[in-house]
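Trainee: what follows is a protein structure lacking sequence information:
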């Protein structure tokens, strides 16, 4: 499964929406159910799935598909570099 | 679906979406009060509860709101009724002095504050039970950081570690004074996950959620386990495979001498696994075997290797050793123990057997066994499906009762009717009349039988002999054989006959065979026997004692008419009570008076 697909799947399960509506432009503005508590579920699931940790100041920024994808790719790239 | 060991938060999110939003099952409403953000635990708890057959409704109350809500008559809590109330408290909110400036707090203040915290929890219990009687689950506290005085804290007189231990112990002691108040041991959970992984400080500073997904999953599972225990949803029996499960190697190939098990060397893993099983057995969990083997080989291992194994063959209440399929064996085990399949756990090293079991008996809990026996013992401890809220003396005796009666335990199944059950027993009843060889046993029965005993008259062997020799008396006794074996002499009925009237002097039966309509068959046959010998009437009386309430209405059930309080009569001129049709045979063996 591609990284993007994995992210979409986790977003769908965490936010309890159909995966189909998680397009590239999906964000808190397009998904009504995405409130602060759903956001916590999402952050926890993402951290677990990709073995990454988000800083407390990053967490509020991760409110769109693109922001999440970019943040995870950046963290995973850092991991790879370190390796 | 049933309890499986799920590990990740993501898996719970997925499952939570898959399960029906309005599941079938026993409704269970859970109110959660929390002094830190805890809402993301919801999918974990919901999935666990649904997997055990509950239809949960979970309500989270506001962040750090306890008394305000519980004591408010117009509040949300007061308007609803809840089956379980979970009060999740953290030190940060309930006892900040203990973690902030510990050096400033004197031992006296510490004790005072500890009492206050315990008192507050006690008041919360009372507040939660103002209008209904929910089960209540409290928490003890974990301290996320290092101890105040560092690695040597525990050695000091003024020790933070000690102070926390004292607080937690006080909470547990307080809780134990209440019925249906349980304690979730936060420190225990944290130590099992490991503190480093239990907390997530980024999430905490972002949203007051101190736990990592791993920590949260573990809290949710523990909460669910407590609820299962409180509702008696625990497993009752472990069904075990033998080769490569209870010992290493295959006995049919290697031989009894060479299977791997023992207190030293490489057999230790199996030895310790057996020790764990033995412990569970002593706590009332029934052990059984379902193994594809020659019974002789298995017996040989248990006899030849008895010094190498904590378990003996007698520890297993039921053994199914042969070539039946395991789902078939496990069905029989459940039937013989008269418990549902969902009360069974099946442990087998073979993935094929596990798969077959899951397919054909999905109600049975069939967990994945770790690869390699080294982890078996630890795995069994982690299963947590045997948790109980109360360990009663009865529980501890239960295994013994099963061991005595296991094979003869009822075949009752939800689906089958009682008639089918009786038919399936293949009962052969033999009624003896004045059988002198039984005199010692019959006298003993009059001495010992208390429950199924209409008159509780105690007789000596001399008395019984006299009845048998006197033509005015008739002594009926009976034995029953069923598909599980011979029950021996199980009942006695003595009548005295005067003027064509027979009065029942003794009517008793062993409790082992109650509920099988044997007494009906005996009464019908005895009535016929007496009718053929010119008797017109049988009278019976019930003499109440402290123990024989079970037969209070017996005479009515077997066809007698009530004449007065505790006095009954059966008129032999009319239609005699029918003989139950499900006996495979009924035979009378008559000795004439000598």
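Mentor: Nice, I can see it. Owing to the predicted nature of the structure, the values given are computational and were not obtained by experimental measurement.
Trainee: where does the prediction get shaky in chain A?
Mentor: Applying pLDDT under 70 to chain A picks out residues A:82-83.
Trainee: spatially central residue in it, please.
Mentor: Nearest residue to the geometric centre of chain A (Cα atoms, centre = their mean): residue A:68, 4.2 Å.
Trainee: any idea which element it lies in?
Mentor: Secondary structure assigned from DSSP states H and E places residue A:68 in helix A:65-82.
Trainee: give the buried residues for that helix.
Mentor: Within helix A:65-82, the residues that qualify as buried by neighbour count (16 or more other Cβ atoms under 10 Å in any protein chain shown) are A:65, A:68, A:69, A:71, A:72, A:75. Bear in mind the C-beta positions are built from the backbone N, C-alpha and C, glycine included.
Trainee: ok now that helix, how far from the chain's centre?
Mentor: In terms of Cα atoms, centre = their mean, to the nearest Å, the centre of helix A:65-82 is found 11 Å from the chain centre.
Trainee: quick check: which helices or strands does that helix pack against?
Mentor: When contacts are defined as 3 or more Cβ pairs under 8 Å, 6 or more residues apart in numbering or on different chains; DSSP states H and E, helix A:65-82 packs onto helix A:3-15, helix A:36-50.
Trainee: could those helices be laid out in a markdown table, adding mean neighbour count and distance to chain B?
Mentor: As requested, those are exported to a markdown table (neighbours: other Cβ atoms under 10 Å in any protein chain shown; distance: least, Cβ to the nearest Cβ, whole Å):
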| stretch | mean neighbour count | distance to chain B |
| --- | --- | --- |
| helix A:3-15 | 19 | 4 |
| helix A:36-50 | 21 | 4 |
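Trainee: which one of these lies nearest to residue B:310?
Mentor: In terms of Cβ to Cβ, the element of the helices and strands packed on helix A:65-82 nearest to residue B:310 is helix A:36-50, at 39.3 Å.
Trainee: can you give the contact residues for that closest one?
Mentor: Contacts of helix A:36-50 from elsewhere in the structure, counted by Cβ atoms under 8 Å, 6 or more residues apart in numbering or on different chains, are A:6-7, A:10-11, A:13-16, A:34, A:52-54, A:59, A:62-63, A:68, A:72, A:75-76, B:8-10, B:13, B:37, B:39-40, B:43, B:200, B:203, B:207, B:209, B:212-214, B:216.
Trainee: the residue nearest to the centre of chain A and residue B:566, how far apart?
Mentor: Residue A:68 sits at a distance of 80 Å from residue B:566 (criterion: Cβ to Cβ, to the nearest Å).
Trainee: which residue is the nearest non-sequential neighbour of residue B:285?
Mentor: Counting by Cβ to Cβ, 6 or more residues apart in numbering or on different chains, residue B:386 is the residue found nearest to residue B:285 once chain neighbours are left out, at 5.4 Å.
Trainee: in contact with the one you found, which residues?
Mentor: Applying Cβ under 8 Å, 6+ apart, one finds that residue B:386 lies in contact with B:234, B:235, B:280, B:283, B:285.
Trainee: wait, a helix at residue B:218?
Mentor: Yes: assessed by DSSP: H, G, I helix; E, B strand; the rest coil, residue B:218 belongs to a helix.
Trainee: that one touches residue B:186, doesn't it?
Mentor: No: applying Cβ atoms under 8 Å, one finds residue B:218 not in contact with residue B:186, separated by 10.1 Å.
Trainee: other SSEs contacting the helix or strand hosting residue B:330?
Mentor: Assigned by DSSP H and E, residue B:330 belongs to helix B:326-337. Secondary structure elements in contact with helix B:326-337, counted by 3+ Cβ pairs under 8 Å, 6+ apart, are strand B:237-240, strand B:286-292, strand B:316-322, strand B:344-347, helix B:351-360.
Trainee: and the contacts of the fourth one?
Mentor: Applying Cβ under 8 Å, 6+ apart, the external contacts of strand B:344-347 come out as B:235-241, B:245, B:290, B:326, B:330, B:333-334, B:354, B:357, B:361, B:363-367, B:369, B:383, B:385.
Trainee: of those residues, just the buried ones, PyMOL syntax please.
Mentor: Isolation of the buried members of the contacts of strand B:344-347 (16+ other Cβ under 10 Å) is achieved in PyMOL through the command below:
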select buried, chain B and resi 235+236+237+238+239+240+241+245+290+326+330+333+334+354+357+361+364+365+366+367+369+383+385
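Trainee: phi and psi next, for the one residue in the stretch 451-594 of chain B that gets nearest to chain A.
Mentor: Distances from the stretch 451-594 of chain B to chain A, computed as Cβ to the nearest Cβ, single out residue B:515 as the nearest residue at 50.9 Å. Backbone dihedrals for residue B:515, given as degrees, to the nearest 10, come out at phi 80, psi 20.
Trainee: ok, residue B:276 - how many residues close by?
Mentor: For residue B:276, the count of nearby residues is 17 (other Cβ atoms under 10 Å in any protein chain shown).
Trainee: what about it, which SS state?
Mentor: Reducing the assignment at residue B:276 to three states with three-state DSSP gives helix.
Trainee: any idea how far chain A is from it?
Mentor: Using Cβ to the nearest Cβ, to the nearest Å, we find residue B:276 at a distance of 31 Å from chain A.
Trainee: that residue reaches residue B:382, doesn't it?
Mentor: No: Residue B:276 sits out of contact with residue B:382 when judged by Cβ under 8 Å, with a separation of 10.8 Å.
Trainee: returning to that earlier point: got the contact list for the helix holding residue A:68?
Mentor: Where contact means Cβ under 8 Å, 6+ apart, the residues beyond helix A:65-82 that reach it are A:3-4, A:7-8, A:11, A:22-27, A:46, A:50, A:52, A:54, A:58, A:61-62.
Trainee: can you check stretch B:246-264 too?
Mentor: Against stretch B:246-264 from outside (Cβ under 8 Å, 6+ apart): B:240, B:242-244, B:266-271, B:273-274, B:293-294, B:297-298, B:300-301, B:304-305, B:308-309, B:311, B:373.
Trainee: about what we covered before: want to throw the helices and strands packed on helix B:326-337 into CSV with distance to residue B:163?
Mentor: What follows is these, written out as CSV (distance: least, Cβ to Cβ, whole Å):
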stretch, distance to residue B:163
strand B:237-240, 41
strand B:286-292, 43
strand B:316-322, 47
strand B:344-347, 40
helix B:351-360, 47
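Trainee: out of those, nearest to residue B:56?
Mentor: The minimum distance between residue B:56 and the helices and strands packed on helix B:326-337 falls on strand B:344-347, with 23.3 Å, by Cβ to Cβ.
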